[in-house]
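Novice: The following comprises the amino acid sequence and a computationally predicted model.
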Amino acid sequence: MEVSILITIGIILLVIGLVSCVLPPLPGPPIAYCALLIAYLGLEKTAELPIWLMIIYALITIIVLIVDNFIPIWSTKKFGGTKAGIRGCFVGILIGIIFSPFGGISIIICPFLGAIVGELIDGQKFDTALKSGVGSFIGFLLTSGIKIILVLMMCFHFFKAVF
């Protein structure tokens, strides 16, 4: 395939990966990693992107995908959420993933609302439930920040290797 086409595809994947860090349903870091793979394999930039770097990015991407689902639950707990709020947050994450193709905002709102509803069902006061919801929202911000940083690092290495 022509070099300019591969570079264009790589840039498109990086943009999609970056946007997907905050607007699901697509997983941002794996999409951005595909851009690195295009540079590594398709453009034969093995000197600019050594195998150890590619392996490290692959491992970090996998870890971020796993941690991405647990940080909102952890932050809900840190903000005083009970087990009911944590369960609600988890259910909200699942509902947000299911409905995210219909609007990326659902992956943000659903864990927040899930934590609040879980706390309210458990008999907690609204202020406690709201703190639990805020914790899940802060967890979303943390995971989004981590993913954005990772994808920006991949962008840097892609552009450094290609240009």
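Specialist: Happy to help now that I have it. Residues are numbered from 1 along each chain as shown.
Novice: May I see the buried residues of the one helix or strand residue 11 maps to?
Specialist: With elements taken from DSSP states H and E, the one containing residue 11 is helix 3-19. Of the residues in helix 3-19, those buried under the neighbour-count criterion (16 or more other C-beta atoms under 10 Å) are 6, 7, 10, 11, 13, 14, 16, 17, 18. No exception for glycine: its C-beta is placed from N, CA and C like everyone else's.
Novice: go on, stretch 64-72?
Specialist: For stretch 64-72, the neighbour count (16+ other C-beta under 10 Å) marks 64, 68, 71, 72 as buried.
Novice: Now do the contacts for the first one.
Specialist: Contacts of residue 64 were listed using C-beta atoms under 8 Å, 6 or more residues apart in numbering, and they are 29, 143, 146, 147, 150.
Novice: In helices, which of these fall?
Specialist: 29, 143, 146, 147, 150 (DSSP state H).
Novice: Redo those as TSV? Include distance to residue 124 and pLDDT.
Specialist: As requested, those are arranged in TSV below (distance: C-beta to C-beta, whole Å; pLDDT from 0 to 100):
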residue	distance to residue 124	pLDDT
29	35	97
143	25	90
146	29	95
147	31	96
150	35	98
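Novice: can you pick the most crowded of those residues?
Specialist: When the ones in helices among the contacts of residue 64 are compared by neighbour count (other C-beta atoms under 10 Å), residue 29 ends up highest, at 27 neighbours.
Novice: ok, for that residue, nearest residue in space, not its chain neighbours?
Specialist: What sits nearest to residue 29 in space, not counting adjacent residues and going by C-beta to C-beta, 6 or more residues apart in numbering, is residue 61, at 4.4 Å.
Novice: in the host helix or strand of the one you found, what's buried?
Specialist: Secondary structure assignment for residue 61, by DSSP H and E: helix 51-67. For helix 51-67, a neighbour-count test (16+ other C-beta under 10 Å) marks 54, 57, 60, 61, 64 as buried.
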